[in-house]
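[1] prediction below, plus the sequence it came from.
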Amino acid sequence: MNRTLITICCIALMSLLASCEKVLDIKPDAAAISPVVEAILTDQPGSAIVVVSKTQAVDNTNDYEGISGATVSITDDAGSTTTFTETTAGVYEAPSLTGVPGHTYTLSVSTAGHHFTAVCSMPYPVAPDSLFTAIDNTFGDERKLVNVIFRDPANATNHYRFVQYRNGVREDNIFIRNDERTNGNRITLPLRYPAGDDEDKLKTGDIVTVEMQCISHGMYKYLYGLSQNTPGIAQSATPANPETNMEGGALGYFSAHTAAKRTIAIE
């Protein structure tokens, strides 16, 4: 076959492939929208809250769609049940309910013919001893971090979450820790957040409050899975729903945990 014939064949093949192209209009699966239950009970008065919502379609610009009219309650291990009241669309509260460390609680949520449950035991409290500020260069970018000092008890397996508030605004970073290698130790933990713009950095004069939570093993696994799907220090190559303690098909979690706060001014 001569060179001219080869060229003609290649052009014909390219034209045939071009004529076979088809634009695919992929529609998001509306059926993939699922209910979400986010429930919190702590040992602090007035903290019991349950948010019932639904996941959004990928082309929906709304961040949150609450589900009204749900029946929400929490029952303790003595059989006492507290019913929650809807305060705004999808938000249910029980100001009179305060959790007790060492007790086990069962959450019940019924909505639109669906019933979701979750069980969580509240750990015993561990409070932060103090906070201090230090300079960090882990990511090659000098910035200030808040460090938490606390004593891990030796007679239990503990899981912790630290929630940081900067000038009264809660930050989204996920700080979790267990005592697998530090059981019974005095621990200094830097709350190391992902590198970002200068506006994201802690600055002199900022007021930072850290809430130290003692969480269940199940909640620790949920937060770990969530952190693997969150851009930042740790992220997963294949995002997936984190493991949840919710039963019945809802996404989300039920966390019964203790909470203690410390505040520091950044120097």
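    Perfect, thanks for sending it.
[2] off-centre distance for stretch 128-135?
    Centroid separation between stretch 128-135 and its chain, computed with CA atoms, centre = their mean, to the nearest Å, is 24 Å.
[3] residues of that stretch that come out buried?
    Taking 16 or more other CB atoms under 10 Å as the basis for neighbour counts, the residues of stretch 128-135 that come out buried are 128, 131, 133. No exception for glycine: its C-beta is placed from N, CA and C like everyone else's.
[4] what's the neighbour count on residue 142?
    Counted by other CB atoms under 10 Å, the residues lying close to residue 142 total 10.
[5] and the gap between it and residue 135?
    When distances are taken as CB to CB, to the nearest Å, residue 142 and residue 135 turn out to be 6 Å apart.
[6] quick one: residue 133 from residue 243, how far?
    To residue 243, residue 133 is 35 Å away according to CB to CB.
[7] what do you get for residue 250?
    13 Å.
[8] out of these two, which sits in the more crowded spot?
    Under the criterion of other CB under 10 Å, the comparison of residue 250 against residue 243 puts residue 250 first, with 23 against 12.
[9] how far away is that one from residue 169?
    To residue 169, residue 250 is 28 Å away according to CB to CB.
[10] give me the subset of the buried residues of stretch 128-135 that lies in strands.
    Secondary structure assignment (DSSP state E) places 131, 133 from the buried residues of stretch 128-135 within strands.
[11] what's the closest of the buried residues of stretch 128-135 to residue 185?
    residue 128 (14.5 Å; CB to CB).
[12] which residues sit in contact with the closest one?
    With contact taken as CB atoms under 8 Å, 6 or more residues apart in numbering, residue 128 is in contact with 148-150, 210, 212, 260, 262.
[13] how about 10 Å then?
    148-151, 160, 162, 187, 189, 210-212, 260-262 (CB atoms under 10 Å, 6 or more residues apart in numbering).
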